[in-house]
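Asks: The following comprises the amino acid sequence and a computationally predicted model.
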Amino acid sequence: MATQFIKRMLGIHHQSNVQPLKNLSYFGSARHGYMVPDHFLGSHSICYCVGAGEDISFDTELKMAFDANVYIFDPSPYGINHFNQVKDYVHYGIPLTLDKTLAPYVYNISSKQFSEIEFVPVGLWDEKKTLKFYDPERENYSSHSAILFTESKSFIEAPVDRLSNLMKELDHQHIDLLKIEIEGAEYKVIDTIIEDKLNVKAILVEFDEIYNTKDKSFHFRIKRSCDKLRKAGYVLAHSTVAMKRLFIRKDIYDQLKKLEVNA
């Protein structure tokens with residue numbers, strides 16, 4: 001209890017500064033799902049899901065639930081291979097199950113829906129380049145990182161780019177929902193969103209240092225990044241103990257709040 005009180009006093013508790021929305025729905029598997037506001041997404045929505053790894057359950061459910069325009073970004077062999085694996089299983093109508101022992105999840109997306117999802121084999125960074133992604137050297141952990149695990153002797157090299165550049169290439173003037181699950185690079189990417197004043201309505205972010213701590217200051221790095229988003233006009237609408245957070249631009253947040261009042 002004392003630890004929780006101190007965290008609240010320092011503003012690093014997982015519920016610090018949360019202004020909750022009532023109408024949220026969960027999408028995705030138990031491990032890699034997120035809360036999304038009701039009455040927010042539709043068939044014209046543009047969703048960028050950055051960081052596929054070996055679980056694209058959330059990404060595919062956005063397509064299934066809203067018929068949204070979904071773009072998945074991941075330059076890693078694991079991400080590319082998993083996307084192609086799901087594609088093959090869906091095409092042949094074979095069930096593919098994730099987390100078979102702890103929290104089983106079965107992909108239910110149709111072949112037609114899956115064919116409308118676009119996969120982009122590029123990661124997010126603050127510039128266009130080829131970047132080293134280090135191997136975590138942990139059993140049953142597939143995610144590489146450009147920020148974490150730098151003590152590792154093994155790495156892969158993969159293309160990355162600034163979000164604003166990718167939006168231009170894809171001819172998008174805005175993003176309705178951006179999910180970033182990128183193993184420590186989220187701080188740098190959040191900075192670029194703010195610097196470039198990108199038109200991003202909602203941001204889902206997992207702060208990976210909760211799982212892979214570099215040092216004892218990680219709580220304050222997370223807080224600084226979140227404070228930057230709030231200062232830039234975003235409202236923290238939901239947060240889990242594991243620091244998976246939903247930020248909504250204030251004008252959109254206010255619209256969603258009015259729907260609660262009028263319901």
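Replies: Received the coordinates, thanks. None of these values were measured; they are calculated from a predicted model. Numbers count the residues shown, from 1 in each chain.
Asks: Correct me if wrong: Asp208 contacts Glu183.
Replies: Yes. Shown here, Asp208 and Glu183 form a contact pair, counting by Cβ atoms under 8 Å, at 4.9 Å. Glycine gets a C-beta too; all of them are placed from N, C-alpha and C.
Asks: Need the pLDDT of Thr130.
Replies: If you check Thr130, the pLDDT there is 91.
Asks: Where does it sit: helix, strand or coil?
Replies: Secondary structure, DSSP: H, G, I helix; E, B strand; the rest coil: Thr130 is strand.
Asks: was I right about it contacting Asp161?
Replies: No. Applying Cβ under 8 Å, one finds Thr130 not in contact with Asp161, separated by 10.5 Å.
Asks: Looking at those two, which is more packed in?
Replies: Taking other Cβ atoms under 10 Å, Thr130 and Asp161 do not tie; Asp161 has more neighbours (20 against 9).
Asks: in the helix or strand hosting that one, what counts as buried?
Replies: Element membership for Asp161, per DSSP states H and E: strand 155-162. Neighbour counts over strand 155-162 (16 or more other Cβ atoms under 10 Å) mark 155, 158, 160-162 as buried.
Asks: packing partners for that strand?
Replies: Under the contact definition 3 or more Cβ pairs under 8 Å, 6 or more residues apart in numbering; DSSP states H and E, strand 155-162 sits against strand 123-125, strand 129-134.
Asks: again, only using 10 Å
Replies: With contacts taken as 3 or more Cβ pairs under 10 Å, 6 or more residues apart in numbering; DSSP states H and E, strand 155-162 sits against helix 77-91, strand 123-125, strand 129-134, helix 163-169, helix 186-195.
Asks: on that earlier part again, take the buried residues of strand 155-162 and lay them out in CSV including pLDDT and distance to Phe40.
Replies: Shown next, in CSV, are those (pLDDT from 0 to 100; distance: Cβ to Cβ, whole Å):
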residue, pLDDT, distance to Phe40
Phe155, 72, 38
Ala158, 85, 32
Val160, 94, 29
Asp161, 96, 27
Arg162, 97, 26
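Asks: quick revisit: between the helices and strands packed on strand 155-162, which gets nearest to Asn17?
Replies: Among the helices and strands packed on strand 155-162, helix 186-195 comes nearest to Asn17, with 15.4 Å by Cβ to Cβ.
Asks: Would you agree Gln15 is in contact with Ala237?
Replies: No. If you go by Cβ atoms under 10 Å, Gln15 and Ala237 don't touch, sitting 11.8 Å apart.
Asks: Specify which residue of those two has the higher count of neighbours.
Replies: Neighbour tally, Gln15 and Ala237, criterion other Cβ under 10 Å: the higher count belongs to Ala237, 21 against 14.
Asks: what about the more buried one, which SS state?
Replies: Three-state call for Ala237 (three-state DSSP): strand.
Asks: Report pLDDT for it.
Replies: 98.
Asks: Do I have it right that it meets Arg230?
Replies: No. Ala237 is beyond contact range of Arg230, at 11.2 Å (criterion: Cβ under 10 Å).
Asks: Can you work out which residues contact both of the two?
Replies: Counting by Cβ atoms under 10 Å, 6 or more residues apart in numbering, the shared contacts of Ala237 and Arg230 are 19, 247.
Asks: still on that earlier bit, could the helices and strands packed on strand 155-162 be laid out in TSV, adding distance to Asn69?
Replies: Converted to TSV, the helices and strands packed on strand 155-162 look like this (distance: least, Cβ to Cβ, whole Å):
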stretch	distance to Asn69
helix 77-91	17
strand 123-125	18
strand 129-134	27
helix 163-169	13
helix 186-195	19
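Asks: who's in contact with the closest residue to Tyr234 other than its chain neighbours?
Replies: Leaving aside its chain neighbours, Tyr234 sits nearest to Phe247 (4.1 Å; criterion: Cβ to Cβ, 6 or more residues apart in numbering). Applying Cβ under 10 Å, 6+ apart to Phe247 gives the contacts 178, 190, 200-205, 226, 229-230, 232-239, 253.
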